[in-house]
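S.K.: coords please:
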Amino acid sequence: MRIKNKQTIAADEERIRRMVRELPDDKRPRFFREVEKQLKDPDTYATLNFLFIAGLHHFYLGKWVRGFINLGIFLIGMLMLFTSLAGVGLLLLIVITAVELKALFQSQTVVQDYNNGVMERIYREVAAQTEVLPDS
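M.R.: Residues are numbered from 1 along each chain as shown. Coordinates of the predicted model:
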């Protein structure tokens, strides 16, 4: 997964904010209600990454495949520590730790990009929704 740079993410966020400002007054509250329910907190992501190197922060963002891959590599590395392949297990743990440390330092950017995607998806759903008048 390639992470966008901070400027691109900030520009995306500003573009989405402009689009939301153009929503009709009756649709804007729905947008904000949905967004409030679905946005993720960068501090929670960073904490899960810091405390549990095993990839739980990926599950937090709904990235199930990546989460299971990280968890699997972590568990395999841990199990290998108690076998004759302890060196390989240690190497796996070092590699997964290095990869996850990078993600830890980029947590604000990763979550902001994720949240931009959530806001854009909700915007499209709300903007596409048409008012259906009840039958008279």
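
S.K.: who does the lowest-mean-pLDDT helix or strand in the chain touch, helix- and strand-wise?
M.R.: Across the helices and strands of the chain, mean confidence by mean pLDDT, DSSP states H and E is lowest for helix 42-51: a mean of 86. Taking 3 or more C-beta pairs under 8 Å, 6 or more residues apart in numbering; DSSP states H and E as contact, the helices and strands that helix 42-51 lies on are helix 56-60, helix 86-105, helix 107-128. For every residue, glycine as well, the C-beta is placed using N, CA and C.

S.K.: Got phi/psi on Lys27?
M.R.: Reported as degrees, to the nearest 10, the phi and psi values for Lys27 are phi -100, psi -20.

S.K.: Pull up the gap between it and Leu101, please.
M.R.: To Leu101, Lys27 is 42 Å away according to C-beta to C-beta, to the nearest Å.

S.K.: Just give me the residue right at the centre of the chain.
M.R.: Leu61 (3.6 Å; C-alpha atoms, centre = their mean).

S.K.: What residues does it make contact with?
M.R.: Lys40, Tyr45, Val110, Val111, Tyr114 (C-beta atoms under 8 Å, 6 or more residues apart in numbering).

S.K.: Low-confidence stretches in the chain?
M.R.: 1-3, 52-53, 130-136 (pLDDT under 70).

S.K.: let's go with 50 and repeat that
M.R.: Across the chain, the ranges flagged by pLDDT under 50 are 1, 132-136.

S.K.: Against Phe59, how distant is Leu48?
M.R.: Counting by C-beta to C-beta, the gap from Leu48 to Phe59 is 8 Å.

S.K.: Those two: who's more crowded?
M.R.: Neighbour tally, Leu48 and Phe59, criterion other C-beta atoms under 10 Å: the higher count belongs to Leu48, 20 against 17.

S.K.: ok, now which ones touch that one?
M.R.: Leu48 touches Leu56, His57, Tyr60, counting by C-beta under 8 Å, 6+ apart.

S.K.: Find the nearest non-adjacent residue to the first one, please.
M.R.: Just to be clear, that refers to Leu56. Leu48 (4.6 Å; C-beta to C-beta, 6 or more residues apart in numbering).
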